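J.: Got a predicted structure plus its sequence, pasted below:
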Amino acid sequence: MKQFAIRRFYSYFETNSEEIENCSFDEKLTAFDNELEKLLERYDLKLLNIDTRFIPQKKMSATKCEQCDNLMVNRDKNPARFNKEDLWIDLDSDYNGIVWDGGTFEGKDLCMECLPLEHRWGYFS
Ligand SMILES: [Zn+2]
C-alpha cells in the first residue's frame, strides 16, 4: 500500500513589531528557505509549505522557560492558552508540545516539565 509520509518541523526566532513591519528578516529567511529546499531534495524529500506565524508574547503570556528555554504559555497568567485559536492549535502542548504549558513558581516562569509536580501546571498535575 503506497502512502505519503508528510513531515514537518518547527523553528522559531524572536522578533518585534518594528522588524515585522520593516520585513527586515525576509531576505535571510528567503535564503534559508532556498537552502532548505535544496537540502530536502538531496534526500528525496519535497518541500510542500513554509509558513510563519507570530505569537504576541505579552498578550499570550508566551515566554521561554527560565530553566530550560522551552517555549511556554504561562497558564497562571493566561489560563485559556491557545484554546479556540485555530491559528496556533498545532503548537499547543496537547498536540505537538511546541509551546508548552507553564506557570510561575518562586517568581520564575517555568514550563510544565520544570515546574514541581505539585504545581497546578506541573507535568503530571
Ligand atoms: Zn522548562
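T.: That came through, no problem.
J.: Dihedrals phi and psi, residue 103?
T.: Backbone geometry at residue 103, expressed as degrees, to the nearest 10, gives phi -160, psi -170.
J.: check contacts around the nearest residue to it once chain neighbours are set aside.
T.: In this structure, residue 103 finds its nearest non-sequential neighbour in residue 121, 3.8 Å apart by CB to CB, 6 or more residues apart in numbering. Backbone N, C-alpha and C define where each C-beta goes, glycine included. Residues near residue 121 by CB atoms under 8 Å, 6 or more residues apart in numbering: 75-76, 101-103, 112, 115.
J.: any idea which of the residues you listed has the most stuff around it?
T.: residue 102 (35 neighbours; other CB atoms under 10 Å).
J.: Not counting its neighbours along the chain, what's nearest it?
T.: That would be residue 72: by CB to CB, 6+ apart, it lies 3.5 Å from residue 102.
J.: farthest-separated two in the contacts of residue 121?
T.: 76 and 112 (11.8 Å; CB to CB).
J.: Identify the contacts common to those two.
T.: Both residue 76 and residue 112 are contacted by 103, 121, under the criterion CB under 8 Å, 6+ apart.
J.: Correct me if wrong, but residue 24 is in a helix.
T.: No - per DSSP: H, G, I helix; E, B strand; the rest coil, residue 24 lies outside any helix segment and is coil.
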